[in-house]
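Asker: build me a model:
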Amino acid sequence: MPLFTRVTLNPVNPDVRKVLRSPEAIHAVVSAATSGSSRPLWRLDGDRLYIVSDQLDTDRLEARLGKPVISTLDYRPFLDKLQNGETRRFALTATPVASKDGKRTPLRTPAGMHQWAERKLAQAGARLDALDILDVHATRFNRQGRKLTFHTVEYTGVFTVTDRDKLTHAMLAGIGHGKAYGLGLMLLF
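Answerer: Purely as a prediction, here's the structure:
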């Protein structure tokens, strides 16, 4: 059973502030809390952490995140209500890239970022109707002694569902690269 979890964090708590400084630290917390789950997705929006997973150990989240407010729902009823032809607003933080010869190159122009989103949403069973690019920034952190950089884009927009099965799969599997570090989880409104 897929779960959708919203965790409201207390950013004043020093333990929470320490975790929030690095996608690697958040990844470690989410991985520990979803141990045994098939590839969980997560997304941080301000003081809210969203997680999509097969299972969740709330005690592990509470131990690392200082007694946050946790709300978990069965995600399947929401996904089952998606219908072809339905229009939805969405938010997505992703790392749009072009791949050539096994090397990923970040897309840095607005046109390239827009085309990437349109292509990925079409693959995910949705026709893009409107798109805004809210923010573009580089996220840098160390992972096992290596410096990693993700060029991330925060998108919001509107799409029409064209294939609910593909969209459901994308909602559970994520969109694009960098899913372990908080990218690719799309929220629908």
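Asker: which residues of the chain fall in strands?
Answerer: 3-8, 41-45, 48-53, 69-74, 87-94, 97-100, 103-106, 126-143, 146-161, 187-188 (DSSP state E).
Asker: wait, which of the ones you listed is closest to E118?
Answerer: strand 126-143 (4.7 Å; CB to CB). From N, CA and C alone the C-beta is placed, and that goes for glycine too.
Asker: tally of neighbours for P40?
Answerer: 23 (other CB atoms under 10 Å).
Asker: and the pLDDT at it?
Answerer: We note a pLDDT of 97 for P40 in this prediction.
Asker: 111 is where my numbering starts, stick with that
Answerer: Yep, numbering from 111; the last one is P150 now.
Asker: distance of it relative to I136?
Answerer: Using CB to CB, to the nearest Å, we find P150 at a distance of 11 Å from I136.
Asker: now R229
Answerer: R229 is 28 Å from I136, by CB to CB.
Asker: looking at those two, which one has more neighbours?
Answerer: More neighbours surround I136 than the other of R229 and I136, with 22 against 12 (other CB under 10 Å).
Asker: show me what contacts that one?
Answerer: Shown in contact with I136 (CB atoms under 8 Å, 6 or more residues apart in numbering): V129, L130, W152, L154, L159, Y291, G292.
Asker: now rank these by neighbours and give me the top one.
Answerer: Most neighbours among the contacts of I136, by other CB under 10 Å: W152, with 27 neighbours.
Asker: please state the offset of the lengthiest helix in the chain from the chain centre?
Answerer: The single longest helix within the chain, with elements called by DSSP state H, is helix 220-233. Its chain's C-alpha centre and that of helix 220-233 lie 16 Å apart, by CA atoms, centre = their mean, to the nearest Å.
Asker: likewise stretch 185-197?
Answerer: That offset, for stretch 185-197, works out to 18 Å (CA atoms, centre = their mean).
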